[in-house]
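Peer 1: quick one, structure for this:
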Amino acid sequence: MKLILHIGTHKTGTTALQQFLYANRQSLANLGLHYATPGHGLQEASVIANALNVGQVRNVRKFLAAHVAHARRSGAHTILVSSENFYAMSVLAAMQRRQVCHDTLESDRALIESLKALVPDDVLATQIVCYFRRPDRYAESLYSQHVKRGIMFDGTFQELLPIIEPALRYHKHMQAWSTAFGKGNCTVRQYESVKGDIVSDFVRNVIDIDDVDQFAQAQSLANERLSRDALEFKRLRNRIARPNERDIERTILGVVDEELALRRGEPSCYQDFLSPVERAEFLSRLKPEIDALEASYGVEPFPPFDRRSAEACWSPYPGLTEQRRWELESRYGRVSKRVAFRIDRLTLRSVGFLRTNLPGVDVLFDVLKAFGAKHALRRAMRHLQLGSGW
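Peer 2: Next up is the predicted model:
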């Protein structure tokens, strides 16, 4: 039996891939491929990656053993596991602590070796699959995502960059996986070269199926980019927002951004957190890592950066004006008072109170079921159990 472990990275279409694999579980099973997901029906295995990261190896062993047994019973020859939280696990933990981790590679090597030891003996081959995008764009997208829906980060890009920069040592991180599982068992793909269509690339080049059209195309949940003003407003709100309400905050801001049509009148360069000069220096600093990755794993060259062209069309983000902040606050207040958001917020706060004061998850379901909040409670509990991820 073979295990294909897709480890990310973040911001390379991983959610779209996981939605596709989940939607096509039966079709894949008919081809001998078992897509392993946690028991509560989530589309990805981040809960397992997070368990590994905090030393809960028992949960990881149980997950892998259960899915190997399931695959054996169903006659599958390959198990698919996908979670971007397997990549740079120590950096993920540092981001949650908002601290720079100086021994990320050593910590990750230990975690990867621990994972290897947990793979059941029935698995005779393990293939590690990772997609990378150009590190400057990866860092900027990761920051935007972190502010928008992460662990309520309220700092600037320059403040987060030292924390996430260890994750940009692509070659060194892949060396850790190669040492544990063998370089020949590591597949590295370049995100830009697949034109953002990770699903088709994964199907054709990882699981070796040419006919992608035979599968159902899962409806991808949109991960819309906020305007820079809305993102800045969200960053400031993160200082006072409750961590377990981050999804509500993100959804409300998305509605506000759309209703005010802020993105339509915004220059595209406002989404750049690095000036052309800073970007050129940043890429130059990481060039040895990128060159080593391309040479070691046969990765296509990352898109080049043309500093002169970038300088010709770049202007710095001027910041959130008082007028725009007032507009955002006013619209935010009106949107947040809508019935659906008020019910969701009340449910989440009830969950937090009951978890603190009552023993057992079953008690929570029994109490809130009477208020018709069972499904909202399940969502809330899932968010609280999983943590923020990246």
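Peer 1: for this structure, what's the longest strand?
Peer 2: Across the chain, the longest stretch assigned as strand under DSSP state E is strand 125-132.
Peer 1: can I have the helix or strand hosting Ala292 written out in CSV, keeping just the CAs?
Peer 2: Using DSSP states H and E, Ala292 sits within helix 276-297. Extracted in CSV, the C-alpha atoms of helix 276-297 (Å, rounded to 0.1, in the frame of the first residue of the first chain):
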residue,chain,number,x,y,z
PRO,A,276,10.0,47.2,-5.6
VAL,A,277,13.3,47.9,-3.9
GLU,A,278,12.4,45.8,-0.9
ARG,A,279,11.1,43.0,-3.1
ALA,A,280,14.3,42.9,-5.1
GLU,A,281,16.4,42.7,-2.0
PHE,A,282,14.1,40.1,-0.4
LEU,A,283,14.3,37.9,-3.5
SER,A,284,18.0,38.4,-3.7
ARG,A,285,18.4,37.2,-0.1
LEU,A,286,16.4,34.1,-0.8
LYS,A,287,18.0,33.3,-4.2
PRO,A,288,20.4,30.6,-2.9
GLU,A,289,17.4,28.7,-1.4
ILE,A,290,15.4,29.0,-4.6
ASP,A,291,18.3,28.0,-6.8
ALA,A,292,19.0,24.9,-4.6
LEU,A,293,15.3,23.9,-4.7
GLU,A,294,15.1,24.2,-8.5
ALA,A,295,18.4,22.3,-9.0
SER,A,296,17.7,19.5,-6.4
TYR,A,297,14.1,18.7,-7.3
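Peer 1: by contact count, what packs against the helix or strand just after it?
Peer 2: Going down the chain from helix 276-297, the next helix or strand is helix 307-312, by DSSP H and E. Contacts defined by 3 or more C-beta pairs under 8 Å, 6 or more residues apart in numbering; DSSP states H and E place helix 307-312 against helix 276-297. Where C-beta positions appear, they are placed from N, C-alpha and C, glycine not excepted.
Peer 1: from Ser141, how far off is the closest residue to Leu260 other than its chain neighbours?
Peer 2: In this structure, Leu260 finds its nearest non-sequential neighbour in Arg331, 6.1 Å apart by C-beta to C-beta, 6 or more residues apart in numbering. Plainly put, Arg331 is 26 Å away from Ser141 if you go by C-beta to C-beta, to the nearest Å.
Peer 1: contacts for the helix holding Ala292?
Peer 2: 132, 134-136, 139, 168-172, 174-175, 183, 186-188, 272, 274, 299-302, 305, 307, 310-311, 314 (C-beta atoms under 8 Å, 6 or more residues apart in numbering).
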